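Participant: The sequence isn't on hand, but the structure is:
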């Protein structure tokens, strides 16, 4: 499923070394496998020159050039929509000061962040020592890479689903093809085998910013399952079990997360937790993070669980969607 070209991976990072290493490490079974490889490559194989190459591929925060790539436009949309004239002028000056001090543009995962918040972060990070700021910028770049990888995998899922739909409409075209679509994945075969299954992971989520009436984009999301050490344990008490990470992502411009787990027909019963890094989205809000714990019962293993987060600075709620 996760087989992509160097060009695709370079679009996620701007670094040729990163793109080459990702192609060499692939193909990937799922999004989470790609993220694990991406982090290892970015922090342990790509050197400082590769990081700087990646930074240079980004437009400056606040740039309004029509030549900006689509992904960058989406990631900066919230910032541009909240930029007043005075804030924008301040940003231009601080962008210049930052680049003069560090030698590269200010890098931040801007998705879902307003311009005042971004400007505040820029001013705060300006006081860092160059060696510290380089590491901070690299970590922010990794967040951007993860966000873009989620979009890359989502496009692959949508493309695969379209192939399935077209195959259903034209069965004769499949009979002549050596490729069959099984459970949403492409596998070699001599004939078409239809296996009932899902077209998306069994657990999904999205974030809605109810305070501003728009999707909550750029929010880090983590899905975990509780691994108990004894029957019917109390949750979150040391010695009774651990939370095991299944996957992580960053919400896109529609507030939806990328794939947090593999596409499987049946989900193991048990307790699951969705954790949202809401502190970065609402830095002055009450909740630094939000955790939603829910149970999948034995009778529900084939069902879909869409568990969204409705968020404001001082409250949140959830429900089971479809």
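Facilitator: On my side now, so go ahead. Values in this document were obtained by computation on a predicted structure and should not be read as measured data.

Participant: now the strands for the stretch 201-322 of the chain?
Facilitator: 203-204, 207-209, 214-215, 220-228, 241-250, 270-276, 290-296, 305-306, 309-312, 315-318 (DSSP state E, counting those that start in this stretch).

Participant: just how off-centre is stretch 92-102 within its chain?
Facilitator: Centre-to-centre, stretch 92-102 and its host chain are 28 Å apart (CA atoms, centre = their mean, to the nearest Å).

Participant: what's the average pLDDT for it?
Facilitator: Taken as a whole, stretch 92-102 has an average pLDDT of 94.

Participant: which of the residues in it are buried?
Facilitator: Buried residues in stretch 92-102, counted by 16 or more other CB atoms under 10 Å: 94-95, 98, 102. Backbone N, C-alpha and C define where each C-beta goes, glycine included.

Participant: out of those residues, who's nearest residue 254?
Facilitator: residue 95 (28.3 Å; CB to CB).

Participant: Do you know the pLDDT at residue 8?
Facilitator: pLDDT, read off for residue 8, is 90.

Participant: so it is in which element?
Facilitator: helix 6-13 (DSSP states H and E).

Participant: Toward the C-terminus, what is the element adjacent to that helix?
Facilitator: Following helix 6-13 toward the C-terminus (DSSP H and E): helix 16-25.

Participant: Which strands and helices lie in contact with the following helix or strand past that next one?
Facilitator: Going down the chain from helix 16-25, the next helix or strand is helix 31-44, by DSSP H and E. For helix 31-44, the elements it packs on are helix 16-25, helix 130-169, strand 241-250, judged by 3 or more CB pairs under 8 Å, 6 or more residues apart in numbering; DSSP states H and E.

Participant: contacts for helix 31-44?
Facilitator: Residues outside helix 31-44 that contact it (CB atoms under 8 Å, 6 or more residues apart in numbering) are 2, 13, 18, 21-22, 25-26, 28, 138, 141-142, 145-146, 149-150, 153, 246-249, 258-262.

Participant: So residue 247 sits against residue 274, correct?
Facilitator: No. Under the criterion of CB atoms under 8 Å, residue 247 makes no contact with residue 274, lying 10.6 Å away.

Participant: ok so, going back, could I get the buried residue list for the helix holding residue 8?
Facilitator: Quick answer for helix 6-13 (16+ other CB under 10 Å): 8-13.

Participant: repeat for stretch 109-124
Facilitator: Neighbour count says stretch 109-124 has 109-115, 117-119, 121-122 buried, by 16+ other CB under 10 Å.

Participant: Using a markdown table, please lay out these together with secondary structure and pLDDT.
Facilitator: Listed next are these as a markdown table, based on DSSP: H, G, I helix; E, B strand; the rest coil; pLDDT from 0 to 100:
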| residue | secondary structure | pLDDT |
| --- | --- | --- |
| 109 | coil | 85 |
| 110 | coil | 80 |
| 111 | coil | 72 |
| 112 | coil | 66 |
| 113 | coil | 71 |
| 114 | coil | 74 |
| 115 | helix | 81 |
| 117 | helix | 80 |
| 118 | helix | 85 |
| 119 | helix | 87 |
| 121 | helix | 88 |
| 122 | helix | 92 |
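
Participant: Just the closest of those to residue 290, please.
Facilitator: Nearest to residue 290 among the buried residues of stretch 109-124, with distances taken as CB to CB, is residue 112, at 14.7 Å.

Participant: For residue 44, grab the count of nearby residues.
Facilitator: 9 (other CB atoms under 10 Å).

Participant: what's the spacing between it and residue 25?
Facilitator: 12 Å (CB to CB, to the nearest Å).

Participant: for residue 217, same thing?
Facilitator: Taken as CB to CB, the span from residue 217 to residue 25 is 28 Å.

Participant: Equivalent analysis for residue 63, please.
Facilitator: 32 Å.

Participant: In the stretch 1-150 of the chain, where is pLDDT below threshold?
Facilitator: 1-2, 64-69, 71, 77-79, 82, 112 (pLDDT under 70).
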